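Q: Following is a predicted model, sequence given first.
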Amino acid sequence: MRLVDKILLAVLTVDGLVIGILSVAFVYQRFGGVAWPVAAVVAGVLNASLLWLAAGFTDSGLRYAPLVAWLLALTIGAMPGPGGDLALVPQGTTFLPTVLLLVIGVGVPVALSWSGRLPSPRRDRPA
């Protein structure tokens, strides 16, 4: 793996973290008084895109680094803050959006990975 590929993979990982933070911030967004899983769908599509791009740089497990960074942001959002408040609360009326964020956000990239349609890194690139 070239140095440029490593740098671009690191940038994709930071992108995964940013998408995770935005997913936590907008998971309970309401449109017209109704909670729509917009953050979950957007997170699923963007995570699949990041996985697709990362797969073009490496065959190793590092291709899942953006998805792991996204899950790290969700894990931190589910932990209580200094005042005991939570950003992700999987109970009551917020249970469904939280579960959909997790299922769609991880499910779409995992389905893409299992389908075997991820690109493989080009071996004929100049060093």
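A: Done, it's in.
Q: Tell me who's in contact with the closest residue to Leu50 other than its chain neighbours.
A: Computed as CB to CB, 6 or more residues apart in numbering, the closest residue to Leu50 that is not its neighbour in sequence is Pro66, at 3.9 Å. Every residue, glycine included, has its C-beta placed from N, CA and C. By CB atoms under 8 Å, 6 or more residues apart in numbering, the contact set of Pro66 is 12-13, 15-16, 19, 47, 50-51, 54.
Q: mind listing what's buried in the biggest helix by length in the chain?
A: Longest helix in the chain by number of residues, with DSSP state H as the criterion: helix 3-26. Within helix 3-26, the residues that qualify as buried by neighbour count (16 or more other CB atoms under 10 Å) are 5, 9, 12-13, 15-17, 19-24.
Q: now Gly84, what's its secondary structure?
A: What DSSP: H, G, I helix; E, B strand; the rest coil gives for Gly84 is coil.
Q: Helix or strand next in line after the helix or strand where Leu67 lies, which one?
A: Using DSSP states H and E, Leu67 maps to helix 65-77. Following helix 65-77 in sequence order, the next helix or strand is helix 95-115 (DSSP H and E).
Q: What lies in contact with that following helix?
A: Outside of helix 95-115, the residues within contact range by CB under 8 Å, 6+ apart are 23, 27-28, 35, 37, 39-41, 43-45, 47-48, 50-52, 64, 67, 70-71, 74, 88-90, 118.
Q: are any of those buried, and which?
A: Once neighbours are counted (16+ other CB under 10 Å), the buried part of the contacts of helix 95-115 comes down to 23, 27-28, 37, 39-40, 43-44, 47-48, 50-52, 64, 67, 70-71, 74, 88-89, 118.
Q: and the buried residues of helix 3-26 as CSV, adding distance to Asp59 and pLDDT?
A: Formatted as CSV, the entries for the buried residues of helix 3-26 read as follows, by distance: CB to CB, whole Å; pLDDT from 0 to 100:
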residue, distance to Asp59, pLDDT
Asp5, 12, 92
Leu9, 12, 96
Leu12, 15, 97
Thr13, 17, 98
Asp15, 20, 98
Gly16, 19, 97
Leu17, 23, 98
Ile19, 23, 97
Gly20, 24, 97
Ile21, 29, 97
Leu22, 29, 96
Ser23, 27, 96
Val24, 31, 95
